[in-house]
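In: output the structure for:
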Amino acid sequence: MAHANALGRLLPALMISAAMLAACGQMPGSGRGDDARTRTKAAEADDALAAVRDEEYSDMPVAQKRAPLAPASTVNGTVMTEAAPAALPYASPEDRERYPDAKPNPVRIVADEPVSTFSADVDTASYSVVRRHLNDGRLPPRDAVRIEEMVNYFDYDYALPAIRERPFEPSVAVYPTPWNDKTEVLHIGIQGYGLPQGERPPVNLVLLLDVSGSMEDPDKLPLLQKSLSMLAKEMTARDRISIVVYAGNAGVVLEPTAGNETLKITQAINNLSAGGSTAGGEGIRRAYELAEANLIKGGVNRVILATDGDFNVGITDPQQLEDFVTRKRDSGVTLTVLGFGAGNYNDAMMQTLAQAGNGNAAYIDTLNEARKVLVDEMAGTVFTIAGDVKFQVEFNPKCVAEYRLIGYETRMLETADFNNDKVDAGDIGAGHRVTALYEITPVGSEGRLTEPLRYGALSSGTAECGEIAYLKMRYKLPGETASKLIERPVTQADVRASVDALPLDFKFAAAVAGFAQILRADPYLKSFGYDDVIRLGTAGKGTDSFGYRAEFLSLVRLAQSAAALPALGMNGAGGE
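Out: Purely as a prediction, here's the structure:
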């Protein structure tokens, strides 16, 4: 009723305002006095509208209110108003962000499907995207939250490999699930072999930069330029850097240049400006041509694509772009994707290209994130130590009734793909950490979600459970086509009686996984909430040299204080 009354009062005000504005438009505008009269009448019109609007606003429920309008300005006799920054976590109507549509992995019955297979994932883009949304005061779209990327954003102190030929050693633990006292978590972690500075191979980098009109915002091209200037300072005389840009068409703005010519490289970066449409497909083609023409045998040959992903001319079909990049990875050139900006960010495209190009994807929302990705973790971003890394876990049906893989929805593989070296999987860079978490239901637990088979074999789940599961990993060393195998059993020796008995890193990883599941509204968390995440994350925070874990705890508090509105799906990207 309040809205109807307000609308009745608003219509006369609109008619009065329209008449006043029409009169303003017919007046000669040749003097300062005319301009002053126009401003006065415009202000009176705005006051009339504001009075009605404020009365209607006061009658609204709190959850429906938007930020009040900022004071009006006048341009050529027309009233212009701008909204003040939103006080509540609403996505802007013009948002065209796109995310992969991936539903949470289902619970699997071990008696039916004892084997789980998936590809490694070292991307971290999802965490930065979530951080940007929360810092803007709103919850992220559910499909923007990829649990494995949230967890893998952080460093963990896993076992270090002894030799380069065996580039990682698995760290394993089984412990009570923090969000369900009737299930357990199987935690698998690996840390890639780190490259000593003297062993770093030469690099042939082609920077493929989007300079289209959509990149003109401060958090796009200007941030990109500052980010790549930091990367340029990490290059040496043995390295080569080229720059290809694309807008309406694509072109080379820096031919292959020695990495120690920092001034020349940074000048080329800083001279860029944004404008035009986005011929991303043509740019990718030109960048690969340049990388192949200057291939360094025995070195790293990589295209780094920096864009908001808003390709709108040339090859724009994601499948065509994926096919092109897939064919090109056999040339020895890999692809790293750096995402920038908000509003039209195409995360789905970025993920597709990075996975097809045997590379990785990161999202740069701040200069600190650029430093983390391109300076502090440059070895992991650029130097691959193991390719086509696959995980396979076989669960013992005498011990485990059900399981679900937490995250990795876009990285699932068929069982037969594990031994097939033709099937592509994720690559791991120097020093990269990869964490995978399973929630498992022990045989005989009341936490079982499915009914046992009437005619199925029964198991006591006690004395027969010396070996809970069997872990296998496959990988290829750089330049090799045949995979190697790492395997180990998961036994009672890996079991921890309580979460308190876990190493700090394992506690923190569980807190991040719990938080990501809350943001996605996964159906498996029971009463586990933000306060539980904060308690568990604080217990696992540790030394936190760079402050990343403290920042995570701050983000949890931001999410806790955000309005309890459903996160908006973006442009058919799998939202509600």
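
In: give me the low-pLDDT residue ranges for the stretch 151-300 of the chain?
Out: 248, 276-280 (pLDDT under 70).

In: sketch out the helices for it, chain order is fine.
Out: 221-232, 262-270, 280-293 (DSSP state H, counting those that start in this stretch).

In: shaky segments in the stretch 1-150 of the chain?
Out: Residues of the stretch 1-150 of the chain meeting the criterion pLDDT under 70: 1-95.

In: helices or strands up against the helix or strand Q351 falls within?
Out: Assessed by DSSP states H and E, Q351 sits inside helix 347-356. Judged by 3 or more CB pairs under 8 Å, 6 or more residues apart in numbering; DSSP states H and E, helix 347-356 is in contact with helix 125-135, helix 318-328, strand 334-339, strand 360-363. Every residue, glycine included, has its C-beta placed from N, CA and C.

In: okay if I get these as CSV plus mean neighbour count and distance to E402?
Out: Listed next are those as CSV, based on neighbours: other CB atoms under 10 Å; distance: least, CB to CB, whole Å:
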stretch, mean neighbour count, distance to E402
helix 125-135, 23, 26
helix 318-328, 16, 34
strand 334-339, 26, 36
strand 360-363, 26, 32
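
In: those: which one's closest to K390?
Out: strand 360-363 (16.4 Å; CB to CB).

In: which residues sit against that closest one?
Out: 122-126, 128-129, 132, 336-340, 345, 347, 350-351, 353-354, 369, 373, 381, 427, 429 (CB atoms under 8 Å, 6 or more residues apart in numbering).

In: in CSV, list the C-alpha atoms belonging to stretch 519-527.
Out: Taking Å, rounded to 0.1, in the frame of the first residue of the first chain, the C-alpha atoms of stretch 519-527 are listed here in CSV:
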residue,chain,number,x,y,z
LEU,A,519,29.6,-19.4,-0.2
ARG,A,520,28.4,-22.0,-2.7
ALA,A,521,25.5,-23.0,-0.4
ASP,A,522,26.6,-26.7,-0.7
PRO,A,523,24.1,-29.0,0.9
TYR,A,524,26.6,-30.9,3.1
LEU,A,525,27.7,-28.5,5.8
LYS,A,526,24.9,-28.9,8.4
SER,A,527,25.3,-26.2,11.0
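
In: contacting residues around that stretch?
Out: By CB under 8 Å, 6+ apart, stretch 519-527 touches 104, 130, 139-140, 142, 145, 147, 179-180, 404, 439, 514, 517-518, 559, 567.

In: kindly report the same for stretch 338-350.
Out: Contacts of stretch 338-350 (CB under 8 Å, 6+ apart): 92, 94-100, 125, 129, 132, 136, 144, 214-215, 217, 219-221, 223-224, 227, 304-311, 318, 321, 337, 361-364, 373, 573.

In: give me the buried entries from those.
Out: 95, 97-100, 125, 129, 132, 136, 144, 214-215, 217, 219-221, 223-224, 227, 304-311, 318, 321, 337, 361-364, 373, 573 (16 or more other CB atoms under 10 Å).

In: excluding sequence neighbours, find me the nearest residue to L208.
Out: A287 (4.0 Å; CB to CB, 6 or more residues apart in numbering).

In: what about the one you found, neighbour count?
Out: A287 sits with 27 neighbouring residues when counted by other CB atoms under 10 Å.

In: over to the one 5 residues further on?
Out: E292 sits with 15 neighbouring residues when counted by other CB under 10 Å.

In: what sits against it?
Out: Here E292 is in contact with 301, 331, 333 (CB under 8 Å, 6+ apart).

In: now A379: phi and psi?
Out: Note on A379: backbone dihedrals following degrees, to the nearest 10 are phi -60, psi -40.

In: before we move on, what about K526?
Out: Torsion angles, degrees, to the nearest 10, at K526: phi 50, psi -120.

In: can you pull up the most central residue in this structure?
Out: S126 (1.7 Å; CA atoms, centre = their mean).

In: tell me who's in contact with that one.
Out: 144-146, 149-150, 363 are the contacts of S126 under CB under 8 Å, 6+ apart.

In: if you set the cut-off to 6 Å instead, what comes out?
Out: 146, 149-150 (CB atoms under 6 Å, 6 or more residues apart in numbering).

In: with neighbour count added, can I get those in a markdown table?
Out: Listed next are these as a markdown table, based on neighbours: other CB atoms under 10 Å:
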| residue | neighbour count |
| --- | --- |
| R146 | 29 |
| E149 | 26 |
| M150 | 25 |
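
In: just the ones in strands from the residues you listed, please.
Out: Among the contacts of S126, no member falls in strands (criterion: DSSP state E).

In: now those in CSV, with distance to D417?
Out: As requested, these are exported to CSV (distance: CB to CB, whole Å):
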residue, distance to D417
R146, 20
E149, 21
M150, 25
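
In: thinking again about what came up before, roughly how far does the residue nearest to the centre of the chain sit from V300?
Out: 25 Å (CB to CB, to the nearest Å).

In: so what are the domain limits for this protein?
Out: Recorded structural domains for the chain (assignment: automatic domain parsing) are 2-80, 108-195+384-561, 197-382.

In: any idea how far G431 lies from E261?
Out: 27 Å.

In: I should have written I364 there, sorry.
Out: The spacing between I364 and E261, counted by CB to CB, is 24 Å.

In: just G429 next, same as before
Out: G429 is 25 Å from E261, by CB to CB.

In: higher neighbour count, these two?
Out: Taking neighbours as other CB under 10 Å, G429 and E261 compare with G429 leading, 22 against 16.

In: if I pick the more buried one, what's in contact with it?
Out: 380, 383-384.

In: so it versus V206, what's the distance?
Out: 18 Å.

In: do the same with E292
Out: 10 Å.

In: and G283, what does it touch?
Out: Contacts for G283 (CB under 6 Å, 6+ apart) come out as 208, 246, 250.

In: quick one: which of the residues you listed is nearest E551?
Out: L208 (29.9 Å).

In: burial of the closest one, as a residue count?
Out: By other CB under 10 Å, 28 other residues sit near L208.

In: identify the bridge partners of it.
Out: The partner list for L208 in beta bridges (DSSP bridges) reads V244, L305.

In: how many residues are close by I534?
Out: Neighbour count for I534, taken as other CB under 10 Å: 18.

In: with T481 instead?
Out: There are 10 residues near T481, going by other CB under 10 Å.

In: in which helix or strand does it reside?
Out: For T481, there is no host helix or strand (DSSP H and E).
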